[in-house]
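Asks: only geometry, no sequence info:
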């Protein structure tokens, strides 16, 4: 039996907290510490009770094998490079679809140079949804896959609304209306003396919203609407060989940070079974994400 | 660009016919021939029109890289050994869940010895369903997955009924009733002077049926009921980290031989990217099943 995997969490926001919970729940993992910026360091009862230190640099932790990068996507490229340079594997949940392929290529070189492994975009979309989209593609090579998100909060859209003058706080919900089309329900809490009609117009003409059906609703307190549940439904109708009308469907309703963190934890495990380099989830065998003896897994789950 | 994959189909039943269609539809594959027993050799207009020979031994075909074993599960172990001994990769859709792990271990040695690759149980269940069951497991390590099959024909159950005295022909349909429980709808066509009540009792007390709710219905002609559509719904409710009530669902409604054959074709492609040995589908990265440049696939499908 291999010794426990020595793991660190970088960033203690929503995902970082869920990652700590998932690591503690994993029989094969040992959480060495949580890394945060100096201004965020504080006593966390859960961590204190387990004698898990909160530190300001991963260099303060001895023998880390894998670091989970629970940081905003825009910080991932830089932090991943720094951690890989220490010969430590990284797992991130970088969620910018259009640039993740290039990020992987960039990190591949850094990882190989430092004999480490990076697992890139290991969340649910991109991540496990991507795995299923690829499976749907090889099961029915001709056809259309629709990915319908929600209902759930969109961070990117919420941030865009918060930057509009007069907006105190905002929440953008993604509502699936089918065939990959989404409605945006935007809840805004306004500063005093702000004209709702002007905010509404600013939202609807923002590049984030201009192509979607968007409804703007004024509420007294956005914080009372926050629920981290999310979901997806992926539907494919396609052709296997010459046979049309093969119908495939995947859907889930989940706590978003909890699932993201659990996928990152599974990817940390998988990272230790790969050769140096950077990988997306579809480039790693599914069994590598799992805990236990491979032959037992095949016996039990097949 | 790699040259086209040189492929052979062994067995020209339901799956073999669908495999031929799927190979012809694949841009990266070249079908060298179909292998059948001498008594089954005949002119097949589709094969003739494409100048694809039907032969009685794979040795008659020059340069085969992968053979799809479209033969009954009980014949797979022996035929796989023979083909692997020629240094040719094999893909089978061996569907006996309880012995596939051992089959893989046995073929692993033969494959390594002959510098070939075997992909074992590459259908949909076992196969792609197994991949999704494993994903559900690592996404929510604690919880229960229910696999609900159907509605669709069960070959094993149909064969069991056909062996009952007085039964001319039979069809057993698997009907999902939820939580992994199935109802069996058995349609029997009886020989003259057969007592239906006796057949009904024999079916219901057969080991294949004794634990399931089973209904037996007499029909004049079983052949008028045959439809190769099938389906599955897999439902998991589980825990990510410490967060309960994560709901995951996969379902499909498909033409059974067409999907099985398409999965085998994808596995043939994947076999050429593995080191010598025998693999189940969860031991191979998803991207290896796909056609095209890996970075382009990541760009387009993530």
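Replies: Alright, I've got the coordinates. Keep in mind that this is a model prediction, so the values were computed, not measured.
Asks: In contact with the residue nearest the centre of chain A, which residues?
Replies: Against the mean C-alpha coordinate of chain A, by CA atoms, centre = their mean, the closest residue is residue A:123 at 3.4 Å. If a contact means CB atoms under 8 Å, 6 or more residues apart in numbering or on different chains, then residue A:123 has A:93, A:95, A:259, A:260, A:263, A:264 as its contacts. No exception for glycine: its C-beta is placed from N, CA and C like everyone else's.
Asks: Quick check: next helix or strand after the helix ranked longest in chain A?
Replies: Assignment by DSSP state H gives helix A:256-271 as the longest helix of chain A. For helix A:256-271, the succeeding helix or strand toward the C-terminus, using DSSP states H and E, is strand A:277-279.
Asks: Return the distance of that next one from the chain's centre.
Replies: Relative to the centre of its chain, strand A:277-279 is centred 17 Å away, using CA atoms, centre = their mean, to the nearest Å.
Asks: what packs against that strand?
Replies: helix A:100-113, strand A:117-119 (3 or more CB pairs under 8 Å, 6 or more residues apart in numbering or on different chains; DSSP states H and E).
Asks: Give the pairing partners of it; include direction for each.
Replies: Sheet pairing for strand A:277-279, assigned by DSSP bridges, gives strand A:117-119 (parallel).
Asks: which residues touch the strand it pairs with?
Replies: Here strand A:117-119 has contacts from A:80, A:84, A:89-92, A:104, A:107-108, A:110-111, A:267-268, A:270-272, A:274-281, A:284, using CB under 8 Å, 6+ apart.
Asks: for chain B, what are the nearby residues on the stretch 1-150 of chain A?
Replies: The stretch 1-150 of chain A comes close to chain B at residues A:18-19, A:21-22, A:25-26, A:97, A:100-101, A:104-105, A:121, A:124, A:126, A:128, A:130-135, A:137-142, as judged by CB under 8 Å from any CB of the partner chain.
Asks: Just say helix, strand or coil for residue A:131.
Replies: Secondary structure, DSSP: H, G, I helix; E, B strand; the rest coil: residue A:131 is helix.
Asks: my bad, should have said residue A:297
Replies: helix.
Asks: And residue A:1, what's its pLDDT?
Replies: Predicted confidence (pLDDT) for residue A:1: 59.
Asks: And residue A:46, by the same measure?
Replies: So residue A:46 comes in at 91 (pLDDT).
Asks: which residues touch it?
Replies: residue A:20.
Asks: how about the helices in the stretch 151-300 of chain A?
Replies: Assigned by DSSP state H, counting those that start in this stretch, the stretch 151-300 of chain A shows helices spanning A:155-162, A:196-204, A:256-271, A:294-301.
Asks: out of those, deepest packed?
Replies: helix A:256-271 (a mean of 27; mean count of other CB atoms under 10 Å in any protein chain shown).
Asks: for the stretch 101-250 of chain A, what spans make up the strands?
Replies: Using DSSP state E, counting those that start in this stretch, the strands of the stretch 101-250 of chain A run over A:117-119, A:142-149, A:152-153, A:167-178, A:181-190, A:213-218, A:229-240, A:243-255.
Asks: hey, what's residue A:247 bridged with?
Replies: residue A:237, residue B:253.
Asks: just checking, it touches residue B:259?
Replies: No: counting by CB atoms under 8 Å, residue A:247 does not reach residue B:259; the two are 10.6 Å apart.
Asks: Out of the contacts of residue A:123, show me where the pLDDT dips lowest.
Replies: Ranking the contacts of residue A:123 by pLDDT puts residue A:95 at the bottom, with 92.
Asks: Spatially nearest residue to that one, not counting backbone neighbours?
Replies: Distance criterion CB to CB, 6 or more residues apart in numbering or on different chains; nearest residue to residue A:95, sequence neighbours excluded, is residue A:73 at 5.3 Å.
Asks: need the contact list for the one you found.
Replies: With CB under 8 Å, 6+ apart, residue A:73 has these contacts: A:93, A:94, A:95, A:96.
Asks: so which of those comes closest to residue A:154?
Replies: Of all the contacts of residue A:73, residue A:154 sits closest to residue A:95, with 10.8 Å by CB to CB.
Asks: Any idea how many residues pack against that closest one?
Replies: If you count neighbours by other CB atoms under 10 Å in any protein chain shown, residue A:95 ends up with 18.
Asks: measure it to residue A:211 for me?
Replies: Noted for residue A:95: a distance of 20 Å to residue A:211, by CB to CB, to the nearest Å.
Asks: swap in residue A:74?
Replies: Relative to residue A:211, residue A:74 is positioned 23 Å away (CB to CB).
Asks: next one: residue A:293
Replies: Distance, residue A:293 to residue A:211, using CB to CB: 50 Å.
Asks: Of all the helices of the stretch 151-300 of chain A, which one comes closest to chain B?
Replies: helix A:256-271 (3.5 Å; CB to the nearest CB).
Asks: Give me the angle between that closest one and strand A:229-240.
Replies: 60 degrees (axes from the mean of the first three to the mean of the last three CA atoms, to 10 degrees).
Asks: Check whether helix A:256-271 comes near chain B.
Replies: Yes: Helix A:256-271 is in contact with chain B by CB under 8 Å from any CB, via A:258, A:259, A:261, A:262, A:263, A:265, A:266.
Asks: hang on, isn't residue A:239 packed against residue A:142?
Replies: Yes: using CB under 8 Å, residue A:239 makes contact with residue A:142 at a distance of 4.1 Å.
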